Every structure is written in C-alpha cells, then in structure tokens.
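J.: Sharing a model prediction with you, sequence too.
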Amino acid sequence: MDSDGFEERMHELEYFHSLRLLPSAWVIIRVDGRSFSQFTKSHFEKPFDVEFHKLMVQTAAALLEELHGIYAYTESDEISVLFPPSWELFDRSLEKIVSISASIASAKFTHASQIVVSFDSRVWLGVNSSQVIDYFRWRQADATRCALNGWCYWMLRKSGETARKATKILDSETVAFKKELLFQNGINFNELPAWQHRGVGLYWEEYQKQNYNPIEEEETLVTRHRIKLQENMPIKDEHTEFLRRFLNIE
Ligand SMILES: Nc1nc2c(ncn2[C@@H]2O[C@H](COP(=O)(O)OP(=O)(O)OP(=O)(O)O)[C@@H](O)[C@H]2O)c(=O)[nH]1
Ligand SMILES: [Mg+2]
C-alpha cells in the first residue's frame with residue numbers, strides 16, 4: 001500500500017501534528033467552559049454558586065494530577081495549570097496537550113456534575129518566571145473584574161433592567177460606580193467570599209504518613225504528596241511572593 005508513498009503523503013497532511021512547544025519555556029494550559037454563561041443559568045445560583053465552584057476545583061485537581069502540573073489556578077469557568085520548563089509530557093506535542101487537557105476537564109466536570117459540558121483549551125508560553133507571575137496576576141485581575149460585573153449585572157436585572165440595558169450600563173460605568181451600586185443594595189464587594197473575586201490556587205504539599213513495614217515489623221514514616229487548596233488567595237506583592245515558591249526550579 002505504501003509503495004507509492006501514499007501513507008507518507010496522508011501523514012504529511014496531519015500538518016500540525018509535529019508542532020512542539022518551545023523548548024525550555026514555562027507552559028500554562030488554560031481550559032475554559034464552553035458556553036457556560038448559558039448552561040449555568042439553569043443549573044446554578046447567579047452570579048456565584050458554591051457547588052459550581054467545587055466542581056471547578058475538582059476539575060482543576062484532576063488536571064494538576066493527570067498532567068503532572070505544579071500549580072493550578074481557577075476562577076469563574078476557567079482553570080490555568082502551570083508546568084516547568086523541563087515538562088516533557090506528550091513530548092510537548094501541542095495537539096496532544098490541547099486536546100487531552102480539554103478532554104480531561106470535560107470528562108471530570110461531566111462525571112462529577114452529571115451534566116454534559118465541554119471545555120476548550122489553549123497554551124500560553126513564558127520565557128521566564130516573571131512572565132509567569134504576570135500571567136497569574138492578569139488572571140486574578142480578570143477574576144475581580146468578572147466578579148464585580150457579574151454581581152452588578154444580576155443586581156440590575158433583579159431591579160428590572162433588560163439584559164441589553166444592564167450590559168450597556170456595565171460597559172460604560174467605573175469600578176467605583178459598580179462598587180457603590182452594590183453597596184447601596186447591601187453588598188460590600190470587598191467582603192464577598194475571596195474565591196469569587198480572587199479565584200483559588202491548588203498545589204502539591206508534602207506530608208508524613210505512618211507506614212507498617214511487615215518485613216521489618218515496624219512502623220516507619222513515609223513522605224507522600226497531596227493537593228492543597230489555597231482558598232484565601234493573597235493579592236498584590238503577597239500574591240507574587242506566594243507564586244515564587246512554584247518558580248524556584250528554573
Ligand atoms: N450561575 C453561575 N454562573 C457562573 C459561575 N461561575 C461562572 N459562571 C458563568 O460562566 C461564565 C464564564 O464566562 P465566559 O467564559 O466568558 O462565557 P461562556 O459563555 O463560557 O463563553 P465561551 O467561554 O466563549 O464559550 C460567566 O459569564 C458566568 O455566566 C457561578 O458560580 N454561577
Ligand atoms: Mg467560558
């Protein structure tokens with residue numbers, strides 16, 4: 001069959017399959033729920049639902065575990081997972097990384113919620129650790145912006161505004177106006193649960209476990225790893241300090 005190079009010509013048209021992530025770059029995969037503004041409307045509390053948040057945390061943990069990430073951050077319907085420059089999973093094949101991360105997220109969320117959902121996925125590359133810090137500061141700022149807009153949007157809708165009018169008001173108003181709007185309606189934005197406006201982080205921590213050794217007939221202490229959830233994310237300089245612990249392997 002392959003005598004005329006047919007097989008080879010067909011493979012050549014899998015044009016992107018040989019594409020690899022830049023060697024030695026930091027890698028972040030970001031998955032994002034597809035059309036979640038529609039699907040969450042009928043299944044979850046607006047603008048935020050703690051059950052939805054827990055599903056996102058479970059999905060982030062699955063990605064961290066299965067892809068061997070070092071840190072994950074989730075806010076709203078998105079999850080970012082960080083990998084060190086030495087990460088070599090799937091031989092750094094772009095197609096594999098993007099498609100498998102999207103399928104892990106879709107499968108995990110669907111299985112945990114019993115609602116069929118899908119996630120898209122993309123790759124971000126950073127040439128040094130300060131770009132990685134910038135990346136997570138950027139996503140945290142996005143969390144704050146989305147939380148403020150989400151709270152205001154539903155406040156305006158409840159007070160009788162149409163979807164179009166509420167969106168128009170939010171597009172043109174300042175942060176101060178939006179915070180004041182919430183305040184006048186009994187909500188202090190800065191006192192909302194931190195996961196809503198700062199997102200949450202997940203990382204590996206070491207712990208000691210008692211282990212019985214039947215040959216030696218004695219108890220020994222062994223070191224294991226488990227995922228730790230950072231519910232109360234630091235901000236500004238403290239956020240940078242917090243992130244540095246994952247970046248000292250460069
Ligand atoms: N009800 C509810 N919705 C949420 C919650 N967290 C996130 N969302 C929704 O998820 C949406 C995420 O925004 P986008 O990713 O920009 O919107 P999308 O509809 O998923 O669009 P695409 O990602 O482009 O497919 C928000 O606008 C919210 O509507 C939550 O806790 N409760
Ligand atoms: Mg989305």
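T.: Looks like it came in fine. Residues are numbered from 1 along each chain as shown. Ligands and ions are numbered 1, 2, ... in the order given.
J.: in the chain, which residue is closest to the centre?
T.: residue 79 (1.2 Å; CA atoms, centre = their mean).
J.: Quickly find the element holding that residue.
T.: strand 78-83 (DSSP states H and E).
J.: Remind me what that strand packs against, helices and strands.
T.: Strand 78-83 sits against strand 26-33, helix 50-67, strand 71-75, helix 129-158, with contacts defined as 3 or more CB pairs under 8 Å, 6 or more residues apart in numbering; DSSP states H and E. Every C-beta, even on glycine, is put in place using the N, C-alpha and C of the backbone.
J.: Export these as a markdown table, with columns for mean pLDDT and mean neighbour count.
T.: Shown next, in a markdown table, are the helices and strands packed on strand 78-83 (pLDDT from 0 to 100; neighbours: other CB atoms under 10 Å):
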| stretch | mean pLDDT | mean neighbour count |
| --- | --- | --- |
| strand 26-33 | 98 | 22 |
| helix 50-67 | 98 | 19 |
| strand 71-75 | 98 | 25 |
| helix 129-158 | 97 | 18 |
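J.: What residues does the chain have near ligand 2?
T.: Proximity of the chain to ligand 2 (CB under 5 Å from the ion) is limited to residues 32, 33, 36, 77.
J.: Alongside ligand 1, which residues does this protein contribute?
T.: Applying CB under 6 Å from any ligand atom, we find that the chain lies next to ligand 1 at 32-38, 40, 44-49, 52-53, 76-77.
J.: Now do the helix-or-strand element of the chain with minimal mean pLDDT: everything it contacts.
T.: Using mean pLDDT, DSSP states H and E, the weakest-scoring helix or strand in the chain turns out to be helix 36-43, at a mean of 92. If you take CB atoms under 8 Å, 6 or more residues apart in numbering as the criterion, helix 36-43 is touched by 33, 46, 49, 52, 77, 113, 115, 117.
J.: for stretch 136-156, same thing?
T.: So stretch 136-156 is contacted by 30, 46-48, 73, 75-76, 78, 80, 165-167, 169-170, 175, 178-179, 181-182, 185, 187, 189, 192, 196-199, 233, 235, 239-240, 243 (CB under 8 Å, 6+ apart).
J.: CA atoms only for that stretch - export them in PDB, please.
T.: Extracted C-alpha coordinates of stretch 136-156, given in PDB (Å, rounded to 0.1, in the frame of the first residue of the first chain):
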ATOM      1  CA  PHE A 136      -1.300  34.900  37.200                       C
ATOM      2  CA  ARG A 137      -1.700  38.500  38.200                       C
ATOM      3  CA  TRP A 138      -3.500  39.000  34.900                       C
ATOM      4  CA  ARG A 139      -5.900  36.200  35.600                       C
ATOM      5  CA  GLN A 140      -6.500  37.300  39.200                       C
ATOM      6  CA  ALA A 141      -7.400  40.800  37.900                       C
ATOM      7  CA  ASP A 142      -9.800  39.100  35.400                       C
ATOM      8  CA  ALA A 143     -11.400  37.300  38.400                       C
ATOM      9  CA  THR A 144     -12.000  40.600  40.200                       C
ATOM     10  CA  ARG A 145     -13.400  42.300  37.100                       C
ATOM     11  CA  CYS A 146     -15.700  39.400  36.200                       C
ATOM     12  CA  ALA A 147     -17.000  39.100  39.800                       C
ATOM     13  CA  LEU A 148     -17.800  42.800  40.000                       C
ATOM     14  CA  ASN A 149     -19.600  42.800  36.600                       C
ATOM     15  CA  GLY A 150     -21.400  39.500  37.500                       C
ATOM     16  CA  TRP A 151     -22.700  40.900  40.800                       C
ATOM     17  CA  CYS A 152     -23.800  44.200  39.200                       C
ATOM     18  CA  TYR A 153     -25.300  42.500  36.200                       C
ATOM     19  CA  TRP A 154     -27.700  40.400  38.300                       C
ATOM     20  CA  MET A 155     -28.400  43.300  40.600                       C
ATOM     21  CA  LEU A 156     -29.500  45.400  37.700                       C
END
